[in-house]
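Chemist: Everything below, folded, please.
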Amino acid sequence: LKYANPRLKPFAAEAGIRNRICGGGTMVSSNFAVAFTVASLSTAWAATCRSSSRSCTLAEEGDLSEVHADKLLQSKAGTLVQQLGEEDFSKKRCKKALDLVFLVDSSGSVVKDGKIGQAGYDGIMETANFIKDVVKDLTLGTDNKSTRIGIGQFSGRKWEDTYPNHVYNTVEIALSKGTSEGEVTKAIEAMTWHHKSQGKHNLSDPETYTGEGINWVLNDKSMFGSARKEKEIPKVLVIVTDGESNSKWEEKGTKEYSPGKEAKKARDQNINVIAVGIGFDEKNTGAIKELESLVDDKKKLYKLKDYSELNKLVDTITTETCPPKPTPAPPLRDLTPRPTPLPTPEPTPSPTPLPTPKPTPLPTPVPTP
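Modeler: Residues are numbered from 1 along each chain as shown. The predicted model follows:
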């Protein structure tokens, strides 16, 4: 291989990295390999520019194609590294610290007619897209100025048959791990319905255990159990559910997991609870009462006809979870009336002096004859 610029030869050789890391069998994506290669070439270009007394913006020995190639490599390297590595936070709507957990209902009614992957039928897919769109506007990171995301699904087996082992919860991504949009997106895309037809779970008819689900995210180490302790970092729980809980906490002396009481425990821990109810029948007063018990303010409760309407809530939930800083009021004007200044008196004119009278001349005496 003949190189137009011999300075790039050693860096091109270095960029021919193997496609497996540390013998673990993990494949390196082609995009990453390209980014690494281009970035290496760009680094070589920059290094030789710094060490050379000649200008890198001019063609050496009149080879304009070489300069064009150098500039192209540098440009592409910056673009690819930005796409695959650092996130661009400049356009994010929320740029503050937040511990945000999504608790997602994964019961049997969430997917209609078993139609996985079909809009209007697959509630898990619709919820995943909704969370992904909310996350796009948040500034994720590991420091105390950034947001972290936790996602969990809740359901369970028939209470009568399996109590107290009726609860079934899955961590999609732990709060401590949800520190980059890429990792959170990967976890969201891997979410599956809790029905056994998906091959990951063993529930033939997943039921809804909302109270138990809330209790789980409050205490589990992967969720609010690992929330940051700083009081100035808000904690938010967004619950997405499509029906009344199957918990029977008032029967047979079972441990109480009333959804309303569990939600209050969350608020007592300074967690802002937001609820999204999907397809609730307003005539089912018991279900509506339970749904409303999840929040302390009805403005934090959103009722939708079906999962396809979730996309309409993206901006609203983003603002609710991360409210903008209030615009400071303009300084108050001093409205005390100022006294009217007295008019400046005109000076009294000096009197005009009277003219000095000329003395009357004495008559000239007539000489005596």
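Chemist: Which residues does the residue nearest the centre of the chain form beta bridges with?
Modeler: Centroid-nearest residue in the chain: Leu138, 1.3 Å away (criterion: CA atoms, centre = their mean). Leu138 forms beta bridges with Cys94, as assigned by DSSP bridges.
Chemist: residue contacts, it?
Modeler: The contact partners of Leu138, taken as CB atoms under 8 Å, 6 or more residues apart in numbering, are 92-94, 98, 100, 147, 149, 318, 322. C-beta coordinates here come from the backbone N, C-alpha and C atoms, glycine included.
Chemist: try 7 Å this time
Modeler: 92, 94, 147, 322 (CB atoms under 7 Å, 6 or more residues apart in numbering).
Chemist: With Val135 instead?
Modeler: Counted by CB under 7 Å, 6+ apart, Val135 has contacts 149, 181, 184.
Chemist: Is it possible to get JSON lines of those residues that adds distance to Thr356?
Modeler: Converted to JSON lines, these look like this (distance: CB to CB, whole Å):
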{"residue": "Ile149", "distance to Thr356": "106"}
{"residue": "Glu181", "distance to Thr356": "104"}
{"residue": "Val184", "distance to Thr356": "108"}
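Chemist: which of those tops the neighbour count?
Modeler: Using other CB atoms under 10 Å as the neighbour test, these are led by Ile149, with 27 neighbours.
Chemist: any idea what sits nearest it, other than its immediate chain neighbours?
Modeler: Nearest residue to Ile149, sequence neighbours excluded (CB to CB, 6 or more residues apart in numbering): Gly178, at 3.4 Å.
Chemist: do the same with Lys300
Modeler: Ile274 (4.9 Å).
Chemist: name the element the one you found belongs to?
Modeler: strand 271-278 (DSSP states H and E).
Chemist: Most neighbours of all the contacts of Leu138, which one?
Modeler: Thr147 (26 neighbours).
Chemist: quick one: pLDDT of it?
Modeler: Among the per-residue scores, Thr147 holds a pLDDT of 96.
Chemist: my guess is Tyr168 meets His194, correct?
Modeler: Yes. Between Tyr168 and His194 there is a contact at 6.4 Å, judged by CB atoms under 7 Å.
Chemist: more crowded one of those two?
Modeler: His194 (28 against 22).
Chemist: show me the contacts for that one.
Modeler: Each residue near His194 by CB under 7 Å, 6+ apart is listed here: 106, 153, 155, 168, 201, 203, 206.
Chemist: Of those residues, which belong to strands?
Modeler: 153, 155, 168 (DSSP state E).
Chemist: Please give the element, helix or strand, for the nearest residue to Leu100 once chain neighbours are set aside.
Modeler: Leaving out its chain neighbours, the residue that sits closest to Leu100 by CB to CB, 6+ apart is Val236, at 4.8 Å. Element membership for Val236, per DSSP H and E: strand 235-241.
Chemist: ok, residues contacting that strand?
Modeler: By CB under 7 Å, 6+ apart, strand 235-241 touches 98-105, 127, 208, 210, 217, 224, 227, 266, 270-278, 294, 317, 321.
Chemist: Go through that strand and flag the buried ones.
Modeler: Of the residues in strand 235-241, 235-241 count as buried by neighbour count, 16 or more other CB atoms under 10 Å.
Chemist: Quick one: residues in contact with the helix or strand just after that strand.
Modeler: Past strand 235-241, further along toward the C-terminus, the next helix or strand under DSSP H and E is helix 259-268. Helix 259-268 is contacted from outside by 210-211, 214-215, 218, 237, 245, 273, 290, 293-294, 296, using CB under 7 Å, 6+ apart.
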